[in-house]
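Asker: The sequence isn't on hand, but the structure is:
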């Protein structure tokens, strides 16, 4: 992840296929913003290849290299020969929010633990290199408390800066909930102060 808080994520589902000593390896990678999305994608691959010998998988549901939300499975392969090498490839890829499923159809020749590890990690590395990518902008939640006389000018500012308005609460004053790129957090206070002549209240939400 760079200093602006943005990082690459999968742009769409991508698949590569290889045959190693008569075993067929089909590696599919996709966007996984959270563990539920990763498991849902895994379920879809299992439905697509119900007769596969193995559907091994790994996911990283966070920024590149983060280990806070990860998962993996050897799905019946010898322990440590599939899920772990796949996860290691994901963690070193520089890509965030990604799930990989490697479907194997056994071809009758045992590859050994080293051969299996290379096959599973290699499929992930190849898929990630070829996969289209998009840039995800990391955003923080900010609460703005404003007078009614200032709301129009602040809403114009929000549109100009391409901040994301997520909620509006009307009472004796107005509270706007917005999502702001991490790189612009420090500017919010001065920009809102300029728009409201210093009367606007800015509260940056702490991360969970």
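Answerer: Okay, I see it. These figures come from a predicted structure and were not determined experimentally.
Asker: Just give the number of residues close to residue 79.
Answerer: Counted with other C-beta atoms under 10 Å, residues neighbouring residue 79 total 9. (Glycine included, C-beta is placed from N, CA and C.)
Asker: Now do residue 38 against residue 158, distance only.
Answerer: Note on residue 38: its distance to residue 158, by C-beta to C-beta, to the nearest Å, is 33 Å.
Asker: So for these two, which residue has more residues nearby?
Answerer: When residue 38 and residue 158 are compared for neighbours, residue 38 comes out ahead with 26 against 19, by other C-beta under 10 Å.
Asker: which residues of the protein fall in helices?
Answerer: Along the chain, the stretches classed as helices by DSSP state H are 35-48, 83-91, 112-130, 151-161, 185-196.
Asker: Neighbouring strands of the helix or strand of the chain with the lowest mean pLDDT in the sheet, and parallel or not?
Answerer: Every helix and strand in the chain was compared by mean pLDDT, DSSP states H and E; the lowest is strand 133-137, with a mean of 89. If you go by DSSP bridges, strand 133-137 pairs up with strand 6-10 (antiparallel).
Asker: And the average pLDDT for the partner strand is what?
Answerer: Taken as a whole, strand 6-10 has an average pLDDT of 92.
Asker: Identify all contacting residues around the least confident helix or strand of the chain.
Answerer: 4, 5, 6, 7, 8, 9, 10, 11, 95, 96, 97, 181 (C-beta atoms under 8 Å, 6 or more residues apart in numbering).
Asker: Can you add neighbour count and give the residues you listed back as CSV?
Answerer: Listed next are the contacts of strand 133-137 as CSV, based on neighbours: other C-beta atoms under 10 Å:
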residue, neighbour count
4, 13
5, 17
6, 18
7, 21
8, 20
9, 19
10, 23
11, 12
95, 22
96, 24
97, 24
181, 18
